[in-house]
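>>> Sequence and predicted structure, then a few things I'm wondering about:
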Amino acid sequence: MQTSYYPIPIMISANGHYPPRSPPPNGLSRRSTHTPRSSVDRHSQITASAGDSAPVQSSKHTDLWFCDGSIVLRAEDTLFRVHKSQLARHSAFFRDLFSLPQPSADSTTSASPTALQIDTTNEIEGCPVLRLFDTAEDVENLLMALYDGPNFGKNDSADFRMVSGILRLATKYLVDSLRTKALVHLSRAWPTSLKGWDAREDLTRADEMQSGPGISSVYPSPADVIILAREVNAPSLLPSAFYDLSRYHYTQLFEQDDENGNSITDLPLSNADLQRLALGKEASQHAITTLIRSMGSHSHPLLLGHHTHSHRSCRRDFSELVALATQHYLFDRERGCTDPLYVAEELGQPLYDFGQASGADDARFGESRRSAEVSECEACARALAMWTTRERERMWKMIPLWFRLDV
């Protein structure tokens, strides 16, 4: 079970939604614990030369071993017999590699052990062998996508493991069309628009309504996404990933325990990215304070609409709302206190009750909850909703600046 990055207990707000969330950095490993199914024929053992090292036992892949294949790819202890034409058709790297004259056996022996060279002296079933220095799982996923087309899933942790492997190798071997498709798929979970972000959060809310608060794990850790984006040069994924990661409390990010596994410092995030995270987290907290302070300004022209109530009455209502928001988000540090987009969304809803279930018996909020008698008038409610919508759009555009990202 994964814990929410919002403090426990989690209450249901008046609109019936749990707060938007993503899984905390629970077991912050680069690779998920998902174990893929075995696609290797263990009955077809072949002794393949590893260059200067001792021969190793390799096994044919059950699906990606074509009897009419023209080249054998070896990744770890798995062999793939595929077609040069298929690789060359999709990959500019392989197209150039196959068009170049191959070195002689003597020069192959003296070459670097990590150099990609086609071995024509130790053929397997009449096919030359090309050793790839990638994981067998990633090579399998890449080849399956090339032959059958990409079969992406729901952007959960298991899907991310597959897609990230495809994206790494598509970038490495210049499979541009597949790289583009993988990035488009990932952008649905790590979008570049506020509309896309809201759709992402709605999906998380719906999943959490079924699974319960703190249990949903729709998306992988944003730290893994940042690492992948740096590795494959995909800066478009960074703003939403950094923002999502900034919503966790520092104790969840930097402390290691038996429940949450490794801390963020155990991942290969650069010192520069850790600095960006800290600066962006500070900026997002300041955005919440500024939002609440702006809402409390009696001279703010956007928060007082055309209405039948007196200005004094509406200003009193807004002052009460500001006091409640200040207590809830800045002093009590209740749920949503690290998520300015969520705070702005909730403050724009009429009769917002700050996370308390309707009819709940809570002494702390019992006297402070807004009621129909003290709520803002309809015109001011519309003005407030429009203002918070604009503020959310402004915040979204500021996220790259918060985290010092060049996008």
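The structure has been received and is ready for your questions.

>>> And the strands in the protein, which stretches?
Secondary structure of the chain by DSSP state E: the strands cover 40-50, 53-65, 71-75, 78-82, 118-124, 127-132.

>>> ok, now how distant is Phe331 from Ile292?
As judged by Cβ to Cβ, to the nearest Å, Phe331 and Ile292 stand 11 Å apart. C-beta coordinates here come from the backbone N, C-alpha and C atoms, glycine included.

>>> Compare neighbour counts for those two and give me the winner.
Just comparing Phe331 and Ile292: by other Cβ atoms under 10 Å the higher neighbour count belongs to Ile292, 21 against 9.

>>> what sits against that one?
Applying Cβ atoms under 8 Å, 6 or more residues apart in numbering, one finds that Ile292 lies in contact with 322, 325-326, 329-330, 343, 347.

>>> Out of those residues, list just those in helices.
Members of these lying in helices (criterion: DSSP state H): 322, 325, 343, 347.

>>> Of the residues you listed - the most surrounded one?
Val343 (25 neighbours).

>>> I figured that one was touching Leu330, is that so?
No: with contact defined as Cβ atoms under 8 Å, Val343 does not count as touching Leu330 (10.2 Å).

>>> so what sits against both of the two?
By the contact definition Cβ under 8 Å, 6+ apart, Val343 and Leu330 are jointly contacted by 288, 292, 337.

>>> Let me know how buried the residue nearest to the last one when sequence neighbours are not counted is, in neighbour terms.
If the residues on either side of it in the chain are set aside, Cys337 comes closest to Tyr329, at 4.7 Å by Cβ to Cβ, 6 or more residues apart in numbering. By the criterion of other Cβ under 10 Å, Tyr329 has 26 neighbours.

>>> before we move on, the earlier item: inside helices: which ones of the shared contacts of Val343 and Leu330?
288, 292.

>>> Just the closest of the shared contacts of Val343 and Leu330 to Thr78, please.
Closest approach to Thr78 among the shared contacts of Val343 and Leu330 (Cβ to Cβ): Cys337, at 48.4 Å.

>>> If you tally nearby residues, what's the number for that closest one?
The number of residues packed near Cys337 is 20, by other Cβ under 10 Å.

>>> Tell me the pLDDT of it.
On pLDDT, Cys337 comes in at 79.

>>> From Leu347, how far off is it?
In this view, Cys337 and Leu347 are 13 Å apart by Cβ to Cβ.

>>> I'd say Thr171 and Leu183 touch.
No: counting by Cβ under 8 Å, Thr171 stays clear of Leu183, with 9.6 Å between them.

>>> Quick check: the two most widely separated of the ones in helices among the contacts of Ile292?
Farthest pair in the ones in helices among the contacts of Ile292 (Cβ to Cβ) is Val322 and Val343. Separation: 12.4 Å.

>>> Look up how far Leu245 lies from Asp63.
In this view, Asp63 and Leu245 are 37 Å apart by Cβ to Cβ.

>>> who's more crowded, the two?
Neighbour totals were compared for Asp63 and Leu245, and Leu245 leads with 27 against 15 (other Cβ under 10 Å).

>>> pLDDT below threshold where in the stretch 301-407 of the chain?
Low-confidence segments of the stretch 301-407 of the chain (pLDDT under 70): 301-315, 332-336, 350-377.

>>> Please read the previous query as pertaining to the stretch 101-250 of the chain.
103-115, 212-216.
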